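In: Pasting the sequence and the predicted coordinates here, then a few questions.
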Amino acid sequence: MKSNNQINVPQAREAMDKFKMQAASEVGVNLQNGYNGHLTSREAGSVGGQMVKNICPIRTRDFVRQNRVSEGHIRKIRYIVALTV
């Protein structure tokens, strides 16, 4: 299977570049227009990770409830929800 990471709608290029610059500033990476070959893998990955984090937020909620097995014990429960469209 051939990978294709090209933007299908040419008008979306400017919006994606703006979104990428915003994500880079949020994680403190000095991103420039055009080629960014000076970035380390860690810096480039942090920009991509921030973009995904902004697109697909994950919400967590912690609850404390009585343990169903051992009477009198409390158990902490964490629910993790990812919203996808």
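Out: Perfect, I can see it now.
In: Only C-alpha atoms from now on, for both contacts and neighbour counts.
Out: Fine.
In: give the contact list for the nearest residue to residue 30 once chain neighbours are set aside.
Out: Distances taken as C-alpha to C-alpha, 6 or more residues apart in numbering place residue 24 nearest to residue 30, at 6.9 Å, with adjacent residues excluded. Going by C-alpha atoms under 8 Å, 6 or more residues apart in numbering, residue 24 touches 30-31, 46-47, 50.
In: What are the buried residues along the strand or helix carrying residue 23?
Out: Using DSSP states H and E, residue 23 sits within helix 12-27. Neighbour counts using 16 or more other C-alpha atoms under 10 Å place 20-24 of helix 12-27 among the buried residues.
In: need the strands for the chain, in chain order.
Out: Along the chain, the stretches classed as strands by DSSP state E are 58-66, 74-82.
In: I'd like to know which of the ones you listed lies nearest to residue 15.
Out: Among the strands of the chain, strand 58-66 comes nearest to residue 15, with 23.1 Å by C-alpha to C-alpha.
In: who does the closest one pair up with?
Out: strand 74-82 (antiparallel) (DSSP bridges).
In: which residues are contacting the partner strand?
Out: 56-67.
In: can you redo the residues you listed as TSV with pLDDT?
Out: Shown next, in TSV, are these (pLDDT from 0 to 100):
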residue	pLDDT
56	73
57	71
58	70
59	72
60	71
61	73
62	75
63	72
64	74
65	71
66	68
67	63
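In: Just the buried ones from these?
Out: In the contacts of strand 74-82, nothing passes as buried (16+ other C-alpha under 10 Å).
In: Now do the same for the residue nearest the centre of the chain: its pLDDT.
Out: The centre of the chain sits closest to residue 53, judged by C-alpha atoms, centre = their mean, with a distance of 1.8 Å. Predicted confidence (pLDDT) for residue 53: 83.
In: Write a PyMOL command that selects only the buried members of the contacts of residue 24.
Out: To isolate the buried ones among the contacts of residue 24 in PyMOL, judged by 16+ other C-alpha under 10 Å, type:
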select buried, resi 31+46+47+50
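In: Looking at the contacts of residue 24, which one is closest to residue 14?
Out: residue 31 (15.0 Å).
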